[in-house]
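1. starting from these lines, generate the structure:
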Amino acid sequence: MELLVTAHSAYHRQFRCSSCRGELPGDAVYCAWCGVRQDAPCVGCGSRFQPDWRHCATCGQVRITAPVQDAGAPEAPSREVTGDRRVVTVLFADVSGFTAMSEKLDPQTVAEIVNEFFAVLTEPIYRYGGVVDKYIGDAIMALFGAPVAHEDDPERACRAALEMQQVSFAFAQNLLSRTGITLRVRIGIHTGLVVAGNVGGHHKRDYTVLGETVNLAQRLESACRPGNVLVSHATYRAATRGILFQSLGAVRLKGMAEDIQVYEVTGLTEDPGNRLDSIPLIGREQELAALQEVFRQAKDEGPRLVWLVGEAGIGKSRLSSALFESLRPDWHVDSQRVRAISYEHGTPYALLADFICRWLGAPRANAEALWQALVVRVEATSEIDPGEREQHVTAIAQLVGSTREHPELEHLSPQQRRTFAFRALNRLILAEARRRPLLLNFEDLHWADEASLEWIQSLSEVLGSRDASQARVRVNAPPRDEADPVVSGVERALPR
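-> Residues are numbered from 1 along each chain as shown. Purely as a prediction, here's the structure:
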């Protein structure tokens with residue numbers, strides 16, 4: 001090792017790093033240039049050793065070497081807990097029938113089937129904004145709300161669980177036909193406080209969550225019937241607006257000192273507002289009277305637009321529900337409520353497709369039923385020329401994902417197709433609004449996709465035209481932003 005002699009004592013002589021040859025002070029422990037730990041100096045005179053020396057070349061002192069340590073490990077274990085306290089929805093899914101499959105099939109085949117099954121099961125988790133925390137044998141632990149939180153994580157978890165049951169059933173049917181083995185999935189969900197952060201030892205740390213919330217979610221999964229989803233009261237209360245539940249009463253879970261209220265997920269709500277009807281409306285009589293008056297104007301005079309503006313949780317949705325409750329049956333109002341959902345923000349036509357399906361009363365999953373409902377509605381509209389009706393049906397159906405084509409549409413560009421489809425749908429809406437009053441309520445537009453917002457703007461422009469003077473339409477919508485081009489476009493088209 002090369003020494004740079006100075007006027008200082010031997011211990012303070014400078015030397016060069018054995019790795020990068022960088023110049024270092026005599027008392028350096030690590031290299032300031034490359035970070036490599038340096039050999040300790042002689043305990044007698046402070047001189048530095050060459051790598052293969054056994055004695056000091058200056059004083060003859062025997063070289064003393066320290067035990068070898070992992071350069072990447074800290075010198076002392078840290079007891080600091082790094083993480084943050086947050087409310088998270090934990091989902092536990094366990095595969096029932098895994099043990100029987102392991103006994104009958106070769107381990108390689110079992111591993112391939114499990115990997116295929118997990119790939120199918122985890123896809124809904126990520127689609128709804130969750131993450132897989134870990135795989136535990138034949139079980140999956142997923143998180144909604146960590147590391148990224150959303151305002152509706154409990155509902156997202158329940159929707160993901162329902163889809164996991166649907167895709168697992170299809171996978172299990174295929175597996176049964178191939179191997180004669182039946183696999184079912186049990187899912188437990190709980191929402192509560194956890195500590196989220198990196199957990200582990202010196203050599204490996206992983207991001208995860210800790211707390212009683214995790215334990216309770218796993219206990220719910222253990223108590224769940226195969227093929228079902230079981231949730232706690234905390235998850236039920238947070239997701240009840242968009243999810244249907246069946247109460248199973250108080251249940252004593254394994255390892256728990258007290259009974260807890262549990263619920264089974266049964267489906268999705270048809271109307272995003274009807275779950276709010278049981279909440280009393282207090283102190284909003286003036287606002288409700290104003291909404292009712294504007295609806296009367298829309299019913300008797302012409303189209304109207306209302307913005308419901310207020311802070312989150314102030315009661316905008318409940319006020320809209322009160323308006324729908326006040327509609328008299330003899331008015332024969334066609335009332336539709338549609339809610340934009342946060343995890344569909346990037347899905348083109350998500351809000352619009354939901355509106356079309358609700359308006360027609362046809363399930364989105366049944367393409368044939370949706371097509372027939374469109375045919376019936378268009379055929380009953382005298383304002384649309386008979387020779388154009390099939391073209392209109394095809395264009396509107398494509399907004400909901402139909403792959404059917406029409407010769408007159410094949411030569412159009414994507415933008416021209418969209419414009420024609422919007423025009424066809426708006427003509428159908430105007431025709432219906434001339435026959436009976438139409439009340440449209442769009443909620444949570446800050447989550448709406450851009451294509452659906454473009455349709456809302458096109459509808460507002462049509463309603464503001466002379467052709468719509470006899471149409472009795474009222475539109476409720478909370479603006480995403482007062483400066484939003486869609487908002488300003490609608491305000492120019494319709495009187496407030």
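2. ok, Ala369 - contacts?
-> Ala362, Pro363 (Cβ atoms under 8 Å, 6 or more residues apart in numbering). Every C-beta, even on glycine, is put in place using the N, C-alpha and C of the backbone.
3. can I take it that it is in a strand?
-> No: using DSSP: H, G, I helix; E, B strand; the rest coil, the secondary structure at Ala369 is helix, not a strand.
4. distance check, it against Glu405.
-> Using Cβ to Cβ, to the nearest Å, Ala369 is found at 20 Å from Glu405.
5. next one: Gly242
-> Taken as Cβ to Cβ, the span from Gly242 to Glu405 is 34 Å.
6. okay, the two: which has more neighbours?
-> A direct count of neighbours by other Cβ atoms under 10 Å for Gly242 and Glu405 places Gly242 higher, at 17 against 10.
7. ok, the closest residue to that one other than its chain neighbours - contacts?
-> Among residues not flanking Gly242 along the chain, Glu155 sits closest, at 4.8 Å (Cβ to Cβ, 6 or more residues apart in numbering). Residues counted as contacts of Glu155 (Cβ under 8 Å, 6+ apart) are Ala238, Ala239, Arg241, Gly242, Ile243.
8. which of those sits closest to His411?
-> Using Cβ to Cβ, Gly242 comes nearest to His411 of those, at 41.0 Å.
9. thinking the closest one is in contact with Gly267, fair?
-> No: counting by Cβ atoms under 8 Å, Gly242 stays clear of Gly267, with 10.4 Å between them.
10. pLDDT weak spots in the stretch 101-250 of the chain?
-> Scanning the stretch 101-250 of the chain for pLDDT under 70 picks out no residues.
11. need the strands for it, in chain order.
-> Using DSSP state E, counting those that start in this stretch, the strands of the stretch 101-250 of the chain run over 131-136, 139-144, 184-200, 205-210, 229-232, 243-251.
12. check the stretch 351-496 of the chain too.
-> Secondary structure of the stretch 351-496 of the chain (DSSP E, counting those that start in this stretch): strands at 438-443, 473-477.
13. if we can go back for a sec, select only the buried ones of the contacts of Glu155 in ChimeraX?
-> To isolate the buried ones among the contacts of Glu155 in ChimeraX, judged by 16 or more other Cβ atoms under 10 Å, type:
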select :238,239,242,243
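14. possible to save the contacts of Glu155 as JSON lines with distance to Pro25?
-> Output for the contacts of Glu155, formatted as JSON lines (distance: Cβ to Cβ, whole Å):
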{"residue": "Ala238", "distance to Pro25": "60"}
{"residue": "Ala239", "distance to Pro25": "63"}
{"residue": "Arg241", "distance to Pro25": "67"}
{"residue": "Gly242", "distance to Pro25": "66"}
{"residue": "Ile243", "distance to Pro25": "66"}
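15. Phe169: which of the contacts of Glu155 is nearest?
-> Nearest to Phe169 among the contacts of Glu155, with distances taken as Cβ to Cβ, is Ile243, at 18.9 Å.
16. got the contact list for the closest one?
-> Glu155, Cys158, Arg159, Val265, Gly267, Leu268, Thr269.
17. which of the residues you listed tops the neighbour count?
-> Cys158 (32 neighbours).
18. next one: the nearest residue to that residue once chain neighbours are set aside from Met141, what distance?
-> For Cys158, ignoring the flanking residues on the chain, the nearest one in space by Cβ to Cβ, 6+ apart is Ile243 at 4.6 Å. If you measure Ile243 against Met141 using Cβ to Cβ, the figure is 21 Å.
19. just Asp444 next, same as before
-> 30 Å.
20. now do Met256
-> Met256 is 19 Å from Met141, by Cβ to Cβ.
21. and those two? which has more neighbours close in?
-> The residue with more neighbours, out of Met256 and Met141, is Met141; 21 against 14, by other Cβ under 10 Å.
22. how near is the more buried one to Leu323?
-> Applying Cβ to Cβ to Met141 and Leu323 gives a distance of 43 Å.
23. likewise for Thr240?
-> Distance from Thr240 to Leu323, by Cβ to Cβ: 21 Å.
24. looking at the contacts of Ile243, which are in helices?
-> Glu155, Cys158, Arg159 (DSSP state H).
25. Val251: which of these is nearest?
-> Using Cβ to Cβ, the ones in helices among the contacts of Ile243 come closest to Val251 at Cys158, 18.3 Å.
26. next up, the contacts around Asp152.
-> Ala239, Gly242, Ile341, Ser342.
27. quick one, phi psi at it?
-> phi -130, psi 40 (degrees, to the nearest 10).
28. sorry, back to before: now distance to Ser102 too, for the strands of the stretch 101-250 of the chain, in a markdown table please.
-> Below are the strands of the stretch 101-250 of the chain laid out as a markdown table (distance: least, Cβ to Cβ, whole Å):
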| stretch | distance to Ser102 |
| --- | --- |
| strand 131-136 | 15 |
| strand 139-144 | 14 |
| strand 184-200 | 15 |
| strand 205-210 | 26 |
| strand 229-232 | 25 |
| strand 243-251 | 30 |
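29. these: which one's closest to Ser96?
-> strand 184-200 (4.4 Å).
30. what residues sit buried inside that closest one?
-> Applying 16+ other Cβ under 10 Å to strand 184-200 flags 184-192, 194-197, 199 as buried.
31. looking at these, which two lie furthest apart in space?
-> Of all pairs in the buried residues of strand 184-200, the most separated under Cβ to Cβ is Arg184 and Gly197 at 34.1 Å.
32. Gly346 should be in a strand, yeah?
-> No: the assignment for Gly346 (three-state DSSP) gives coil, which keeps it out of a strand.
33. quick revisit: more neighbours, Thr240 and Leu323?
-> Using other Cβ under 10 Å, the more surrounded residue of Thr240 and Leu323 is Leu323, with 22 against 17.
34. tell me who's in contact with the closest residue to that one other than its chain neighbours.
-> Leaving aside its chain neighbours, Leu323 sits nearest to Leu291 (4.8 Å; criterion: Cβ to Cβ, 6+ apart). Contact analysis of Leu291 by Cβ under 8 Å, 6+ apart lists Val306, Leu319, Ser320, Leu323, Asn476.
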